[in-house]
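> below is the structure, and that's it, no one-letter string:
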Ligand SMILES: [Zn+2]
C-alpha cells in the first residue's frame, strides 16, 4: 500500500478509501473524523462524527445537539480500528479538544495534524510530535517572515497600555473559539485579576472552557440588553473581530482597539483594521514551529493542505523530504 492509497484528497476533503471515512470534510459525508471545532473543519450534517469529547461538545454548542446522525468520542492516545484502519487521536495544541489524527494500515502511518501550534497555551493540551511516514500540515504562516513572539510578551504590552491609558476601554478582538479564552487565561497568568468583560458571542464557549477545568477568572457580559451600565473606564473587553468594526464597540469609553492574531505581524493588516495595539498571538504554528514539527515527526514525505504552501514545499525539498501541496479547498486562514 502506498500513501495515496491510504489517504487521498477528494472535493469533500481528505478521504481514506479502506476505512471509508473523511478527515475534516467541508461537505456532508457518511463518516467524518474531525480534528477540532473551528467551523471550517467541523461542519454540521455528517452521518457519523468521531472527535474528542471537547470537539463533540463544541460542535453541539455551535450547531445544536443534532449536528450529526451518530457521535463517537475519540480518547487521546487510544487506538480504534475503523474498517480495518487503525486510527489514533493525539493532542494538537491548537484549541481546546484539538487533535491530530494518525491513520495506520499495513505498516504505513500518516498523521493529519489539522491546525496546530507549539507555543504556550494554558487552555489546551500541548502538541505531541508523532513519528510517521507522511505528515500532513497546514501552512497558514508558512513563510520565514512569520515568527510569533512569546505570547506572554504580547500580554505584557496590553497590561502596559492599560497602565498608560487607565481611562480607555481596551477592546481586544479575538476569535470566539480558542483565541478569546487563551487571551483571558494568559492575562490571568500575568496576574490580571480584574473582571474581564466579554461579548455575548463568547459567553457559552467561555462557560464551557470553565466547565472542562480551564479557569478564566471573573467574567461579566460587556453589554446587557436594556441596561445602560457599561464596563468601567479602563476595563478589558474581549469581543469577536466582527464586533470590533461595528457600532457595538463605539459604546465604550474612549475605546482602544487591540487585536490578537498572528496576522498582526503584518503592518498593512494592522493599519487596514485600524488596530491601535496589535497583539501577535497565534493559534497556528509559525515558520520555525512548522519546520521543527516536520523534522520531529521524522516523516519522509509531507503534504501541505492550505495556506502558503509553496515556501514550505520548497523547504522540504531542500531538506531531502519529498513534499506536495494538496490544494484542499474550503479552509480559511483568515480566521486566525
Ligand atoms: Zn483551527
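In hand now; what should we look at? Please read these numbers as outputs of a predicted model, since none were measured by experiment.
> how close does the closest residue to residue 55 other than its chain neighbours sit to the ion?
Spatial nearest neighbour of residue 55, excluding adjacent residues (CB to CB, 6 or more residues apart in numbering): residue 97 at 4.1 Å. Every C-beta, even on glycine, is put in place using the N, C-alpha and C of the backbone. Distance of residue 97 to the ion, computed by CB to the ion, to the nearest Å: 11 Å.
> list the contacts of residue 97.
Each residue near residue 97 by CB atoms under 8 Å, 6 or more residues apart in numbering is listed here: 36-37, 51-55, 57-58, 124.
> just the buried residues out of the residues you listed, in PyMOL syntax.
In PyMOL syntax, the buried subset of the contacts of residue 97 is picked out as below (16 or more other CB atoms under 10 Å):
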select buried, resi 36+37+51+52+54+55+57+58+124
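> what are the contacting residues of the lowest-mean-pLDDT helix or strand in the chain?
Lowest mean confidence among the helices and strands of the chain (mean pLDDT, DSSP states H and E): helix 241-244, at a mean of 89. With contacts defined as CB under 8 Å, 6+ apart, helix 241-244 is touched by 171, 173-175, 199, 201, 249, 257, 259, 261, 273.
> let's have these in TSV, adding distance to residue 106.
Below are the contacts of helix 241-244 laid out as TSV (distance: CB to CB, whole Å):
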residue	distance to residue 106
171	53
173	47
174	44
175	39
199	49
201	46
249	55
257	54
259	47
261	42
273	49
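> among these, which one lies nearest to residue 18?
Nearest to residue 18 among the contacts of helix 241-244 is residue 175, at 35.6 Å by CB to CB.
> what about the closest one, which helix or strand?
Counting by DSSP states H and E, no helix or strand carries residue 175.
> restricted to helices, list the contacts of residue 97.
Among the contacts of residue 97, DSSP state H puts 53-55, 57-58 in helices.
> just give the nearest non-adjacent residue to residue 16, would you?
Using CB to CB, 6+ apart, the closest residue to residue 16 is residue 7 (5.4 Å).
> need the contact list for that neighbour.
So residue 7 contacts 14-16, 23, 103, 110, 112, 134, 136 (CB under 8 Å, 6+ apart).
> if you set the cut-off to 6 Å instead, what comes out?
Counting by CB atoms under 6 Å, 6 or more residues apart in numbering, residue 7 makes contact with 14, 16, 110.
> look up phi and psi at it.
Here is the backbone geometry of residue 7 (degrees, to the nearest 10): phi -140, psi 140.
> going forward, the N-terminal residue is numbered 339.
In the new count, where the first residue is 339, that last one comes out as residue 345.
> in TSV: the ones in helices among the contacts of residue 435, plus distance to the ion and pLDDT.
Formatted as TSV, those follow (distance: CB to the ion, whole Å; pLDDT from 0 to 100):
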residue	distance to the ion	pLDDT
391	18	98
392	13	98
393	11	98
395	16	98
396	11	98
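> returning to what we had before: turn the contacts of residue 435 into a markdown table, columns for distance to residue 617.
Shown next, in a markdown table, are the contacts of residue 435 (distance: CB to CB, whole Å):
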| residue | distance to residue 617 |
| --- | --- |
| 374 | 22 |
| 375 | 22 |
| 389 | 29 |
| 390 | 28 |
| 391 | 30 |
| 392 | 25 |
| 393 | 26 |
| 395 | 28 |
| 396 | 24 |
| 462 | 19 |
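> what residues does this protein have near the ion?
Taking CB under 5 Å from the ion as the criterion, the chain approaches the ion at residues 376, 453.
> just give the nearest non-adjacent residue to the residue in the stretch 439-588 of the chain positioned nearest to the ion, would you?
Relative to the ion, the nearest point of the stretch 439-588 of the chain is residue 453 (3.6 Å; CB to the ion). Leaving aside its chain neighbours, residue 453 sits nearest to residue 432 (4.5 Å; criterion: CB to CB, 6+ apart).
> who's in contact with residue 380?
Residue 380 neighbours (CB under 6 Å, 6+ apart): 372, 397.
> phi, psi of it?
Residue 380 adopts backbone torsions of phi -110, psi 100, taken as degrees, to the nearest 10.
> now do the same for it: its pLDDT.
pLDDT recorded at residue 380 is 96.
> again with the one 3 residues further on
Here, the pLDDT recorded for residue 383 equals 97.
> quick check: pLDDT value at the nearest residue to residue 444 once chain neighbours are set aside.
Counting by CB to CB, 6+ apart, residue 444 lies nearest to residue 339, which is 4.5 Å off, once chain neighbours are set aside. With respect to pLDDT, residue 339 has a value of 81.
> on that earlier part again, ok, of the contacts of residue 435, which one's closest to residue 407?
Closest to residue 407, out of all of the contacts of residue 435 and judged by CB to CB, is residue 389, at 13.9 Å.
> picking that back up, what's the neighbour count on the residue nearest to residue 453?
By other CB atoms under 10 Å, 28 other residues sit near residue 432.
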